[in-house]
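[1] pasting the structure only:
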């Protein structure tokens with residue numbers, strides 16, 4: 001697979017708690033140079049990044065991150081604030097405890113409210129696959145499909161594990177035709193990135209692919 005095609009699927013990511021503006025600016029520069037799908041950064045840097053790149057690359061940020069157990073109202077506020085600051089893509093974390101308690105209406109309603117706040121902008125739903133059973137993953141495929149969200153996403157990268165090929169294969173069997181898939185967390189090689197895309201992922205959340213390409217240049 002063409003390296004540029006892989007880069008074009010990458011949400012070039014820096015979400016570390018220690019991230020400084022200088023480091024975020026470096027992510028922006030790399031994203032513009034290598035034409036990634038977006039940058040995925042903490043909410044506090046969205047306004048600066050959006051102004052710095054001036055529309056060159058979409059700015060994605062995270063909501064309810066990384067644990068997902070914020071109130072729905074706070075997640076909706078975070079979403080509206082991020083969009084007002086210039087974010088054009090939102091990656092939200094579901095309330096995992098509510099899913100495990102089988103409070104499916106709660107989980108669905110929360111995603112719907114956040115999607116309503118997004119309007120026509122892209123919403124990706126992080127379900128944190130490493131904490132879920134296959135049954136729960138399949139249920140989330142159904143809920144995300146019903147919610148109207150644009151993507152189902154494997155992982156935050158902040159829990160016990162990241163994306164697996166098996167999870168993307170499972171998603172592909174159970175999501176609706178209008179739901180795209182994002183693999184994130186631990187994607188450490190071009191070969192892995194290519195495999196995830198071959199399995200049907202149209203976005204990759206990764207900090208490493210651009211670094212690998214830079215090192216090869």
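    Alright, I've got the coordinates. Every value quoted in this text rests on a predicted model; they were computed, and no experiment measured them.
[2] just the helices in this structure please.
    The residue ranges that make up the helices of the chain, judged by DSSP state H, are 3-7, 21-34, 46-53, 72-84, 96-100, 104-118, 134-147, 165-174, 190-198, 208-216.
[3] make a markdown table out of those and add distance to residue 63.
    To be clear about C-beta, it is placed using only N, CA and C from the backbone, and glycine gets the same treatment. A markdown table is the format used below for the helices of the chain (distance: least, C-beta to C-beta, whole Å):
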| stretch | distance to residue 63 |
| --- | --- |
| helix 3-7 | 25 |
| helix 21-34 | 18 |
| helix 46-53 | 11 |
| helix 72-84 | 5 |
| helix 96-100 | 14 |
| helix 104-118 | 7 |
| helix 134-147 | 14 |
| helix 165-174 | 20 |
| helix 190-198 | 23 |
| helix 208-216 | 23 |
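[4] of these, which is nearest residue 158?
    Between residue 158 and the helices of the chain, the tightest spacing by C-beta to C-beta is seen for helix 96-100, at 12.5 Å.
[5] contacts for that closest one?
    Judged by C-beta atoms under 8 Å, 6 or more residues apart in numbering, the contacts made with helix 96-100 from elsewhere in the structure are 67-69, 106-107, 110, 127-128, 131-132, 136, 139-140.
[6] and what of stretch 202-211?
    Stretch 202-211 is contacted by residues 6-7, 9-14, 30-31, 34, 36-37, 40, 91, 124, 151, 153, 155, 157, 163, 180-185, 187-190, 193, 196-197 when judged by C-beta under 8 Å, 6+ apart.
[7] ok, the residue nearest the centre of the chain - contacts?
    The residue at the geometric middle of the chain, judged as the C-alpha nearest the mean C-alpha position with C-alpha atoms, centre = their mean, is residue 91 (4.5 Å). Contact criterion C-beta under 8 Å, 6+ apart gives 11, 40, 60, 61, 62, 63, 65, 124, 126, 153, 182, 205 as the residues in contact with residue 91.
[8] strands - which of the residues you listed land there?
    Of these, the ones assigned to strands by DSSP state E are 11, 40, 60, 61, 62, 63, 124, 126, 153, 182, 205.
[9] put the buried members of those residues into a ChimeraX selection.
    A single ChimeraX command suffices to select whichever of the ones in strands among the contacts of residue 91 are buried according to 16 or more other C-beta atoms under 10 Å:
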select :11,40,60,61,62,63,124,126,153,182,205
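[10] and which of the ones in strands among the contacts of residue 91 is nearest to residue 101?
    The shortest separation between residue 101 and any of the ones in strands among the contacts of residue 91 is 18.5 Å, and it belongs to residue 126 (by C-beta to C-beta).
[11] does the closest one touch residue 67 like I think?
    No. With contact defined as C-beta atoms under 8 Å, residue 126 does not reach residue 67; the gap is 10.7 Å.
[12] need the residues touching each of the two.
    With contacts defined as C-beta under 8 Å, 6+ apart, the residues adjacent to both residue 126 and residue 67 are residue 93.
[13] for the residue nearest to residue 151 when sequence neighbours are not counted, give me its contacts.
    Counting by C-beta to C-beta, 6 or more residues apart in numbering, residue 124 is the residue found nearest to residue 151 once chain neighbours are left out, at 3.8 Å. Residue 124 makes contact with 60, 89, 90, 91, 92, 149, 150, 151, 152, 153, 182, 203 under the criterion C-beta under 8 Å, 6+ apart.
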